[in-house]
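Engineer: A predicted structure for the sequence below; I have some questions about it.
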Amino acid sequence: MRFLHSLPASLAALLLTLGGGVSAQERPQLDLPRVKLAAGLYQIDAQIAATPQQRSIGLMHRKDMPTHEGMLFVFERAEVQCFWMKNTLLPLTAAFVADDGSIVNLADMQPQTTDSHCSTQPVRYVLEMNQGWFAKRHIGAKTRLSGPVFRKSE
């Protein structure tokens, strides 16, 4: 693609995006906003997937993810949320989380499957971490996560 060097940078970038062979939906999302969460003493650096497009791509196409990182899916309202792993290469655990940060239930999910994993009650948040992260730290249902996105219970 040597001819790109003679084009203005913005046009070259556009051509690479449109014709580079890999669409935006086939690349991992690495530039989403982040939020710091905690599960007791354990810190989590979570990307925030808040729009329908960000949520639909999620952690697809990621080949690895640091241990302390995850993705927090934020929905407009609490509903039963269901996830699958199509085009997701990493084994993950989904924590279905209530408004106050309490984990409702956890689901281990296998890569590249379309098996549905759902919350057992309506939730607004789902936190995906590398599979085994919650189990290794003895974090389960009823554990409360903290962070600026969660409402304090009255």
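Structural biologist: Thanks, I have the structure now. Residues are numbered from 1 along each chain as shown.

Engineer: tell me the helices and strands packed up against the longest strand along the chain.
Structural biologist: The longest strand of the chain (DSSP state E) is strand 69-79. Packing partners of strand 69-79 (3 or more C-beta pairs under 8 Å, 6 or more residues apart in numbering; DSSP states H and E): strand 42-49, strand 123-130. C-beta here means a position set from N, CA and C on the backbone, and glycine is covered the same way.

Engineer: buried set for the very next helix or strand once past the first one?
Structural biologist: The one in question is strand 42-49. For strand 42-49, the succeeding helix or strand toward the C-terminus, using DSSP states H and E, is helix 52-57. Buried residues in helix 52-57, counted by 16 or more other C-beta atoms under 10 Å: 54, 55, 57.

Engineer: comparing the helices and strands packed on strand 69-79, which comes out most buried?
Structural biologist: strand 123-130 (a mean of 24; mean count of other C-beta atoms under 10 Å).

Engineer: summarise which helices and strands that strand is packed against.
Structural biologist: strand 42-49, strand 69-79, strand 92-97.
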